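Peer 1: Can you look at this prediction? I've put the sequence above it.
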Amino acid sequence: MRSLKVRTQLSFRRSPVSAATAAGVVSALLGLGALGCESDEAAASEPADTGTSSDTGSLDAQTGDAESDTVGDTVGDTVGDTVGDTDGDVETADTSPPPAPDFSKNATLPAAGHRKDILGLGAALPAVATQGLAYALSWPVDVSGVLLPARWMQTLFDAEATDEVTLGLQDVARTLLGFGDLVEMAAWLGLPNHDGSVEAFAGVAWPDNLGKMEGFGDMTPLGVGIVETGLAPAMSFSCATCHVGDLFGHTVVGMTNRRARANEFFHLAKGFFPSLSADLLQPMTNATEAEMTQFLATQKNLAAIENIVPAAQGLDTSLAQVALSLSRRRDDEWATKDPAFEAAPRENALRTEVADSKPAVWWTLKYKTRWLLDGSIVSGNPVFTNFLWNELGRGTDLHELDAWLAENEAAVNALTALVFANEPPRFVDIFGEAQLDLDAAQRGQPLFEAHCSACHGSYEKAWDAPNADGSVAELTRTTRVDYPSPTPVKDVGTDPKRAQGMQHFAAALNKLAISKAMGTVVEPQTGYVPPPLDGIFARYPYLHNQSVPNLCALLSPAPERPTTFWMGPDVDPTTDYDFACVGLPAGGVGADVPAAWKEDPRREMDTTRPGLSNQGHDAFLVGDDGQPLLDAAQRRDLIEFLKTL
């Protein structure tokens, strides 16, 4: 078995370009305006009906409130230990095989109530999870269909460039892509920036170089990195693009990135990169033959990708990405790529039906036995599924992916260890004890047990212990979660379109040879998984389609919820967070929206649009007589308890 290497940091020298070549390149690129590549504003005007977009960072952004749709039956014989060398490379070394976890349809939770150590690694878990984090920061698949030559990108999108041809090209890129250099790209994509912490979460350290690619100035953006391939070092987007978030100055692994725009990037890239002339770019970048081969392959593979732009910023369209990309391949067990289907893809309802959801958190996976926000993956490792879905959305040949998975089981295992071991942030660690009312939280616990626990599980607190004493932080710690097993699916009247979307490609997924080999089975469901609620204070806006701005609205009858609101930043908690309602502040709703929040129209949530309904999840609030079961004070106490989860 070969050892997988992820290169996490590179630097290159740039080569001069003649004035004639420069003028020719800029002239040729300026001619791209007539192509079908929309600007950011144009894409925003038709977010759900047209266009293409591949979420390379998430591919399971569609796990909604509950979890990350990842994929990966732990087929591996090995789990690699992380070894950092002097270059910052991360290598995997074979170890003894872990016990096989149960990813079958009949899987149940152990007596502990969770499967945090899903591979049975024991004391080795932190080191293996750190290795998994290295892969989450730099996507490890070196046969991926979309791999942009790293040096090529660093040259063309150099923020410190001074020559006229590069500056001219960057101006073209700003028009067609929304950014002109790597620094602007990181900001436009909404990539999280590392906060300087040593630990990613309890017991798991950040890898040495954080997957950092040079060219981003003082930033350390997470979610873009370099992977060594058989041709040349390539830039690729990773899990962290959508599943690592900035939360008021804290980098939170496993959290929904509310700013991610990976879908939009691939939508625009599908029109931009295939239109570039390789003959002109080669002398401009002094590209090697291997780099040009890599770029030409990416241009070709983009033809096998199709998807749509999300209906609003923060949402993900990975269901459409997978379904529509499959429609551009043969309908066989290898989803064989075929130019005939790329030119005339099969019909699929997800070209027009909205099935968006937000990228989900990782830290709830340990409590589950079914995957995706609707529980439709009834067997198979969810991390394996993420590899498969990601690569279908990147135009990858499935024979090549199958061979890669067979040779790199350690990568699948390490990512599996990471996402199951992931822990949520705590309210008191982000905001401090002063923002939490302990007495109110304790009053809210029995209300939660009476009205919420049947679906969302029970949460024992440190304060439940006899003679419990200590600080607010100590007393509010969750000591045990009892979540239903097997994982339930409930229809509580929320928008059905995401769940309905699975029926449009489930059969094609089940037919794939890779799915069969890994035991992955898709069964469309009616309704959604009522997710575990740990870390709920950081998971706003709420519901799978982010249609409810805060917990006050979620615990109100649906007719009382705002129909439109704005997604503000996560920078200043005094203005950007509502401590009483938990989530977006009242200023995000109605006439009091800060002007700065409106600078990007895609941050507006309009719940009257298809797929974005804010209805449902309110029947438990009223009794048989139609009267509210909780008064205003009780709802405040319940919210205070939810802060502690």
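Peer 2: Yep, that arrived. This is a predicted model, so every value here is computed, not measured.
Peer 1: Please settle this for me: is residue 341 part of a helix?
Peer 2: Yes. Residue 341 forms part of a helix when assessed by DSSP: H, G, I helix; E, B strand; the rest coil.
Peer 1: need the contact list for it.
Peer 2: 327-330 (Cβ atoms under 8 Å, 6 or more residues apart in numbering). Quick note: C-beta positions are derived from backbone N, CA and C, even for glycine.
Peer 1: ditto for residue 402
Peer 2: Contacts here follow Cβ under 8 Å, 6+ apart; on that basis residue 402 touches 513-514, 517.
Peer 1: do the same with residue 514
Peer 2: Taking Cβ under 8 Å, 6+ apart, one finds 388, 398, 401-402, 405, 520 in contact with residue 514.
Peer 1: on that earlier part again, kindly reformat the contacts of residue 402 as CSV and extend each row with pLDDT.
Peer 2: Listed next are these as CSV, based on pLDDT from 0 to 100:
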residue, pLDDT
513, 97
514, 96
517, 94
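Peer 1: mind giving me a markdown table with the contacts of residue 514 and columns for secondary structure and pLDDT?
Peer 2: Output for those, formatted as a markdown table (DSSP: H, G, I helix; E, B strand; the rest coil; pLDDT from 0 to 100):
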| residue | secondary structure | pLDDT |
| --- | --- | --- |
| 388 | helix | 95 |
| 398 | helix | 98 |
| 401 | helix | 97 |
| 402 | helix | 96 |
| 405 | helix | 95 |
| 520 | coil | 95 |
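Peer 1: quick check, nearest of those to residue 321?
Peer 2: Proximity of the contacts of residue 514 to residue 321 (Cβ to Cβ) peaks at residue 388, which lies at 12.2 Å.
Peer 1: circling back: ok, the contacts of residue 402 vs residue 571, which is closest?
Peer 2: Closest to residue 571, out of all of these and judged by Cβ to Cβ, is residue 514, at 42.0 Å.
Peer 1: so where do the strands sit in the stretch 451-600 of the chain?
Peer 2: Per DSSP state E, counting those that start in this stretch, the stretch 451-600 of the chain carries strands over the ranges 458-461, 478-482, 521-522, 564-566.
Peer 1: Can you say which of those strands is packed in most?
Peer 2: strand 564-566 (a mean of 22; mean count of other Cβ atoms under 10 Å).
Peer 1: Among the contacts of residue 341, which lie within strands?
Peer 2: Nothing among these maps onto strands, per DSSP state E.
Peer 1: okay if I get the residues you listed as TSV plus pLDDT and neighbour count?
Peer 2: Output for the contacts of residue 341, formatted as TSV (pLDDT from 0 to 100; neighbours: other Cβ atoms under 10 Å):
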residue	pLDDT	neighbour count
327	98	22
328	97	23
329	98	22
330	97	14
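Peer 1: okay if I get those as JSON lines plus distance to residue 236?
Peer 2: What follows is those, written out as JSON lines (distance: Cβ to Cβ, whole Å):
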{"residue": "327", "distance to residue 236": "24"}
{"residue": "328", "distance to residue 236": "21"}
{"residue": "329", "distance to residue 236": "21"}
{"residue": "330", "distance to residue 236": "26"}
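Peer 1: still on that earlier bit, mind giving me TSV with the contacts of residue 402 and columns for distance to residue 576?
Peer 2: As requested, the contacts of residue 402 are exported to TSV (distance: Cβ to Cβ, whole Å):
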residue	distance to residue 576
513	48
514	43
517	46
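Peer 1: Mind listing what's buried along stretch 263-283?
Peer 2: By 16 or more other Cβ atoms under 10 Å, the buried positions in stretch 263-283 come out as 263-273, 275-276, 280-283.
Peer 1: Poorly predicted segments of this structure, please.
Peer 2: Applying pLDDT under 70 to the chain flags the ranges 1-99, 587-592.
Peer 1: Per the annotation, how does it divide into domains?
Peer 2: What automatic domain parsing lists as the domains of the chain is 5-11+35-60+69-101+115-421, 427-494+532-643.
Peer 1: Between the two ends of stretch 469-488, how far is it?
Peer 2: Stretch 469-488 has its terminal residues 35 Å apart, counting by Cα to Cα, to the nearest Å.
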